[in-house]
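**Q** Provided below for reference: sequence and predicted model.
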Amino acid sequence: MDAYGEIGVFVRVVERQSFTRAAELLGLTASGVSRIVSRLETRLGVRLIERTTRILREIEEADGAIARSPRGAPRGRLRVDAPIEFGRFVIAPAIPEFLDAYPGVSLSLSLRDHLIDPIAEGIDVLVRMGELRESELVHRKLGTMSLVVVASPGYLARHGSPGSPGDLHEHRTLAFLTGGQPFAWRFGGNGRESRFLPTGQLQTNSIDALRLAALAGQGVACMLEPYVRDDLARGALEVVLAAYPQAPITIHALYPRQRATLPKVRVFLDVLEQRLRKTACAHRPRT
């Protein structure tokens, strides 16, 4: 059977919602239909039945939620996936406000740093930081977070303060891992841009571990400013290389096009945008 025939069999399975009923219609055995669909899935590299079943279930759920909602009030289960540290620092504190404001919505929040297929996993909203890859998903900019390079007063007293990004090669630097690779520090200033890749003794995907190492005088770190704002205010950390600012990190929400009009998605993004604005955008780093 060629690819077009296999696709036709798959369509009948979806229409009948059963291998057995599709087999009866096509004059085949249920096991034969299953093998044909498996062959098609192997060639395409996609679990078609699993994904299609999930999509149909979600469409049914969305239709039911809208039907039960008075004048389109937000209702139903909202599935959100976000980076671990951003979820802990920004999303988690906003959850009580969101749930109190929208009692008809239940929230499923998964925190992880690796890429996923939101349609296959039934995710309504993906939150991602930094540059976006090409995607068929709709995206909405939620805000930005500024970056600062910091070190403890004790470290600076022992090793001095770098005067330019080039001086960082003579310092102990602490690396934040993203996607298993150190996050590169990109500096502006004086009409030029430069890039520094930290390769110090500590490399971690935990912002908490990075912050604690910097506080303990273990080296120079590049941090999202809101994460160390209190440390800067009390003098436990100091900004260095302030004359060489870095571009802020942009935060986006991504979601399948069919989710864009769901009230539960819209109100969650509004709450998250407001929270991010309060957290990140109204403050300039101390120098």
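**A** It's in.
**Q** excluding its backbone neighbours, what's nearest Gly188?
**A** Of all residues not flanking Gly188 in the chain, Pro245 sits nearest, at 5.5 Å (CB to CB, 6 or more residues apart in numbering). Just so you know, the C-beta spots here come from the backbone N, C-alpha and C atoms, and that holds for glycine as well.
**Q** Counting neighbours, what do you get for the one you found?
**A** Neighbours of Pro245 under the rule other CB atoms under 10 Å: 16.
**Q** That one reaches Glu193, doesn't it?
**A** No: assessed by CB atoms under 8 Å, Pro245 is found out of contact with Glu193, at 10.6 Å.
**Q** which neighbours do those two share?
**A** Phe187 (CB atoms under 8 Å, 6 or more residues apart in numbering).
**Q** Then the residue nearest to Gly188 would be within a helix, right?
**A** No: according to DSSP: H, G, I helix; E, B strand; the rest coil, the state of Pro245 is coil, so it is not within a helix.
**Q** what about it, distance to Thr173?
**A** 18 Å (CB to CB, to the nearest Å).
**Q** One more: Val125?
**A** In terms of CB to CB, Val125 sits 34 Å off from Thr173.
**Q** and the gap between Asp208 and Val13?
**A** Counting by CB to CB, the separation of Asp208 from Val13 is 48 Å.
**Q** between these two, which one's more packed in?
**A** Val13 (24 against 12).
**Q** wait, that one sits on Ser38?
**A** No: the criterion here is CB under 8 Å, and Val13 misses it with Ser38 at 11.3 Å.
**Q** can you give me the helices in the stretch 101-250 of the chain?
**A** 118-121, 153-159, 207-215, 225-233 (DSSP state H, counting those that start in this stretch).
**Q** So which of these is nearest Leu142?
**A** helix 225-233 (13.8 Å; CB to CB).
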